[in-house]
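Engineer: give me the fold of what follows.
(chains A and B)
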Amino acid sequence: GENVEQHPSTLSVQEGDSAVIKCTYSDSASNYFPWYKQELGKRPQLIIDIRSNVGEKKDQRIAVTLNKTAKHFSLHITETQPEDSAVYFCALLNYGGSQGNLIFGKGTKLSVKP
Amino acid sequence: EPEVTQTPSHQVTQMGQEVILRCVPISNHLYFYWYRQILGQKVEFLVSFYNNEISEKSEIFDDQFSVERPDGSNFTLKIRSTKLEDSAMYFCASSPGQAYGYTFGSGTRLTVV
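Structural biologist: Numbering: from 1, shown residues only, chains lettered A, B, ... in the order given. From the prediction side, this is the model:
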């Protein structure tokens, strides 16, 4: 089945710096790529998503880029703040069957040091 | 903002017992899912449900598992004869359609002892 590779597994940055998380995939049929933030003990929450007909999307300090040719997509967080500390999961829509379902990467634990 | 609600928040059960995890998806959503997350690991797909039937299921979702939508609002996951390795956080999610972000519930932490 489809697999999505996520790197790095842990990322530590100073407050105010940028953070970049990258995911790669193999199935070219994937056309929807969301990113989720999960704080300790809480549910994954959608923070941004991108569809395959665009290459970049931005929402305040968060942006996502998609390179369909190279089959990778990245999350960029600028001006990081301590409250950005969480585990971030990339995901993609896997059309293994008729409906499709989200397949998640293994997550990146982001720590923002004040 | 509409939410997906899950009950119970925490369930402790003896190995071999059956458990039912309950979810109320967002009312106008059409697609429903169960995922599980073993502590410290990634979110794993179990099953998707649409139009009152299973659309897809993963290798994890074997005969031990079943899902049901007994009425117009609830969506349940039943685990028969629980095993120690079933201990995990189970998340229900719903979405209004394909290629839309899922809204996750707050999860049920299942502990099998």
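
Engineer: find the centremost residue of chain B, please.
Structural biologist: Residue closest to the average C-alpha location in chain B (C-alpha atoms, centre = their mean): B:Trp34, at 3.3 Å.

Engineer: separation between that residue and chain A?
Structural biologist: Relative to chain A, B:Trp34 is positioned 10 Å away (C-beta to the nearest C-beta, to the nearest Å). C-beta here means a position set from N, CA and C on the backbone, and glycine is covered the same way.

Engineer: next: B:Ser94.
Structural biologist: In this view, B:Ser94 and chain A are 12 Å apart by C-beta to the nearest C-beta.

Engineer: count the neighbours of that residue for me.
Structural biologist: 24 (other C-beta atoms under 10 Å in any protein chain shown).

Engineer: what lies in contact with the helix or strand harbouring it?
Structural biologist: In the assignment (DSSP states H and E), B:Ser94 maps to strand B:88-95. Applying C-beta atoms under 8 Å, 6 or more residues apart in numbering or on different chains, the external contacts of strand B:88-95 come out as A:43-44, B:4, B:6, B:21, B:23, B:25-26, B:29-39, B:43, B:46, B:75, B:77, B:101-105, B:107-110.

Engineer: quick one: the strands in the chain?
Structural biologist: Picking chain A for this. Using DSSP state E, the strands of chain A run over A:4-7, A:10-14, A:19-25, A:32-38, A:45-51, A:56-59, A:62-67, A:72-77, A:86-94, A:101-104, A:108-113.

Engineer: actually, chain B is the one I wanted.
Structural biologist: B:5-7, B:10-13, B:19-24, B:31-37, B:44-50, B:53-57, B:65-68, B:75-79, B:88-95, B:103-104, B:108-112.

Engineer: average model confidence for the shortest one?
Structural biologist: Taken as a whole, strand B:103-104 carries a mean pLDDT of 96.

Engineer: my read: A:Ile21 touches A:Val4, true?
Structural biologist: No. If you go by C-beta atoms under 8 Å, A:Ile21 and A:Val4 don't touch, sitting 11.9 Å apart.

Engineer: list the contacts for the residue nearest to the centre of chain B?
Structural biologist: B:Trp34 touches B:Leu21, B:Cys23, B:Leu46, B:Val47, B:Val67, B:Leu77, B:Tyr90, B:Phe91, B:Cys92, B:Ala93, counting by C-beta under 8 Å, 6+ apart.

Engineer: about what we covered before: what is in contact with A:Ile21 and A:Val4 at once?
Structural biologist: Common neighbours of A:Ile21 and A:Val4 (C-beta under 8 Å, 6+ apart) are A:Cys90.

Engineer: coming back round to it: grab the nearest non-local neighbour of the residue nearest to the centre of chain B.
Structural biologist: B:Leu46 (4.3 Å; C-beta to C-beta, 6 or more residues apart in numbering or on different chains).

Engineer: B:Glu59 is in contact with that neighbour, correct?
Structural biologist: No. The pair B:Leu46 / B:Glu59 is not scored as a contact, 9.9 Å apart, by C-beta under 8 Å.

Engineer: more neighbours, the two?
Structural biologist: The neighbour count for B:Leu46 versus B:Glu59, taken as other C-beta under 10 Å, is higher for B:Leu46 (21 against 9).

Engineer: contact partners for the more buried one?
Structural biologist: Contacts for B:Leu46 were tallied using C-beta under 8 Å, 6+ apart; they are B:Tyr33, B:Trp34, B:Tyr35, B:Arg36, B:Lys57, B:Ser58, B:Ile60, B:Phe61, B:Phe65, B:Leu77, B:Tyr90.

Engineer: and the residue nearest the centre of chain A, what is it in contact with?
Structural biologist: Centroid-nearest residue in chain A, with C-alpha atoms, centre = their mean: A:Cys90, separated by 3.3 Å. Listed by C-beta under 8 Å, 6+ apart, the contact set of A:Cys90 reads A:Val4, A:Gln6, A:Ile21, A:Cys23, A:Phe33, A:Pro34, A:Trp35, A:Phe73, A:Leu75, A:Phe104, A:Gly105.
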